[in-house]
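# sequence unavailable; structure follows:
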């Protein structure tokens, strides 16, 4: 039998099929590790899971990207009811237009923060 990269030709087809099938799974895990994105589909509330990609409220383990103000801009309010908003790295207007309002006792905690990071991006912090 002919060898293909150290694998016999009869197994090469199965190996290639296995790599193609597992590729998207590996990619989705890697993409998920990059961070969460504000979608604002439900309301302005940071603590509403429907407003975030993957419907998960950020917990401080991943970076957070706020690059849209539509349909709703991001707000963090009333720390006593909701606790502290958390992000590993907070990026507001990182590569788009982002707004983050912290008011009425709200609090945000992150390791690093970026505001209006790239050329053409805009950010508003209140």
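Right, received. Where do you want to start? Just so it is clear, the structure is predicted and the values come from calculations on it, not from any experiment. Numbering: from 1, shown residues only.
# tell me the contacts of the residue most central in space within the chain?
The centroid of the chain falls nearest to residue 36 when counting by CA atoms, centre = their mean (1.6 Å). Going by CB atoms under 8 Å, 6 or more residues apart in numbering, residue 36 touches 52-54, 56, 58, 62-65. Heads up, the C-betas are built off the backbone N, CA and C, glycines and all.
# now restrict those residues to buried residues only.
By neighbour count, with 16 or more other CB atoms under 10 Å, those hold 52, 58, 62-65 as buried.
# what's the most distant pair in those residues?
Largest separation among the buried ones among the contacts of residue 36 by CB to CB: 52 and 63, giving 12.4 Å.
# for the nearest residue to residue 66 once chain neighbours are set aside, name its beta-bridge partners.
Closest residue in space to residue 66, ignoring its immediate chain neighbours: residue 98 at 4.0 Å, by CB to CB, 6 or more residues apart in numbering. Assessed by DSSP bridges, residue 98 has beta-bridge partners residue 123.
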